[in-house]
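Asks: Let me see the structure of the following:
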Amino acid sequence: QVQLVESGGGLVQAGGSLRLSCAASGRTFSRGAMGWFRQAPGKEREFVAAISASAGNTRYTDSVKGRFTISRDNAKNTVYLQMNSLKPEDTAVYYCAARNTAVVTTTARYDYWGQGTQVTVSS
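Replies: Numbers count the residues shown, from 1 in each chain. Take a look at the predicted model:
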């Protein structure tokens, strides 16, 4: 059984920053890729960023490149999403996800999911 618990969401003004954390338990954390996804009201869940097991490979959706940074600390079983220069369109519930192998950007290919954390960016 794998548990993923997100934290760090909140309300921030446009241009501000937040750092999301995702603590994993129940498996060998360092084995596979981790990802962040988000879902805005009335929209489908979308890929945001992903990182490989060794942190040597990262992927980002185009809309967050240069503003968001994904990282992981395998010793702490934690993955992070540093979000800078936030925009109102970044408002969504952010989900952490895990899979046992390589980095992918497709929602359906992740095996484990957290409950999500709300990020609201005011204009």
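Asks: Tell me what A23 is bridged to.
Replies: V5, T78 (DSSP bridges).
Asks: burial count for S63?
Replies: For S63, the neighbour count with other C-beta atoms under 10 Å is 13. From N, CA and C alone the C-beta is placed, and that goes for glycine too.
Asks: ok, now how distant is it from E89?
Replies: For S63, the distance to E89 equals 8 Å [C-beta to C-beta, to the nearest Å].
Asks: in this structure, what spans have low per-residue confidence?
Replies: 29-30 (pLDDT under 70).
Asks: what about the strands in this protein?
Replies: Using DSSP state E, the strands of the chain run over 3-7, 10-13, 18-25, 34-39, 46-51, 58-60, 68-73, 78-83, 92-98, 112-113, 117-122.
Asks: Contacts for the first one next, please.
Replies: Contacting residues not belonging to strand 3-7 are listed as 20-26, 94-98, 112-117 [C-beta atoms under 8 Å, 6 or more residues apart in numbering].
Asks: ok, the residue nearest to the spatial centre of the chain - contacts?
Replies: Compute the mean C-alpha point of the chain, and by C-alpha atoms, centre = their mean the closest residue is W36, 2.3 Å away. For W36, the contact set (C-beta under 8 Å, 6+ apart) comprises 20, 22, 48-50, 70, 79, 81, 94-97.
Asks: Near the residue lying closest to G16 once chain neighbours are set aside, how many other residues are there?
Replies: With sequence-adjacent residues excluded and distances taken as C-beta to C-beta, 6 or more residues apart in numbering, G16 is closest to L86, at 5.4 Å. L86: 22 surrounding residues under other C-beta under 10 Å.
Asks: ok, now T105?
Replies: That count, for T105 with other C-beta under 10 Å as the rule, works out to 16.
Asks: and if you look at the one 5 residues further on?
Replies: Here the count is done by other C-beta under 10 Å, and Y110 has 22 residues near it.
Asks: how close does it get to S25?
Replies: 17 Å.
Asks: now swap in T120 and tell me
Replies: 28 Å.
Asks: And the two? Which one has more around it.
Replies: T120 (15 against 11).
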